[in-house]
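1. I'd like to go over a predicted model; first the sequence, then the structure.
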Amino acid sequence: MAARLRPEPGAGEAHRAGRRKISDYLKATDRFAKTIVFCEDIDHANRMRSALANENADLCHINRKYVMQITGDNDEGKAELYNFTHPEQRYPVIAPPRSC
């Protein structure tokens with residue numbers, strides 16, 4: 001099944017360029033290298049998670065935890081924090097948390 005990118009609300013050119021740059025870098029190096037994407041707030045983290053999931057739909061289709069939002073308000077993401085911080089755990093790979 002082919003995945004289609006959906007436009008994210010409020011996503012400007014810088015947002016689109018950022019998700020592409022992150023995804024292109026991982027595709028050129030190691031798509032399973034643990035990656036933190038710092039965001040300005042929870043809404044931005046949610047939009048970035050959605051954008052990165054769309055950009056990496058092939059791996060998200062295999063395991064939806066490939067991109068996980070890990071923020072204080074997201075119980076599922078908080079539950080995956082241990083797995084993200086331990087390299088022997090494959091998923092999640094990309095985590096856009098809210099920055100400090």
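-> Nice, I can see it. Numbers count the residues shown, from 1 in each chain.
2. in three-state terms, label the closest residue to residue 49 other than its chain neighbours for me.
-> With C-beta to C-beta, 6 or more residues apart in numbering as the criterion, residue 49 has its nearest non-adjacent residue at 4.2 Å, and that residue is residue 69. Glycine gets a C-beta too; all of them are placed from N, C-alpha and C. Here residue 69 is recorded as coil under DSSP: H, G, I helix; E, B strand; the rest coil.
3. for residue 69, give its distance to residue 63.
-> Separation of residue 69 from residue 63 (C-beta to C-beta, to the nearest Å) stands at 15 Å.
4. who touches the residue nearest to residue 49 in this structure?
-> Residue 69 makes contact with 45, 46, 49, 77, 95, 96, 97, according to C-beta atoms under 8 Å, 6 or more residues apart in numbering.
5. low-confidence stretches in this structure?
-> Scanning the chain for pLDDT under 70 picks out 1-11, 15, 97-100.
6. helices along that one, start to end?
-> Along the chain, counting by DSSP state H, helices occupy 13-28, 42-55, 57-62, 75-79, 81-85.
7. turn these into JSON lines, columns for distance to residue 35.
-> JSON lines is the format used below for the helices of the chain (distance: least, C-beta to C-beta, whole Å):
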{"stretch": "helix 13-28", "distance to residue 35": "7"}
{"stretch": "helix 42-55", "distance to residue 35": "9"}
{"stretch": "helix 57-62", "distance to residue 35": "12"}
{"stretch": "helix 75-79", "distance to residue 35": "14"}
{"stretch": "helix 81-85", "distance to residue 35": "10"}
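8. export these as CSV, with columns for mean neighbour count.
-> Shown next, in CSV, are those (neighbours: other C-beta atoms under 10 Å):
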stretch, mean neighbour count
helix 13-28, 14
helix 42-55, 21
helix 57-62, 14
helix 75-79, 13
helix 81-85, 14
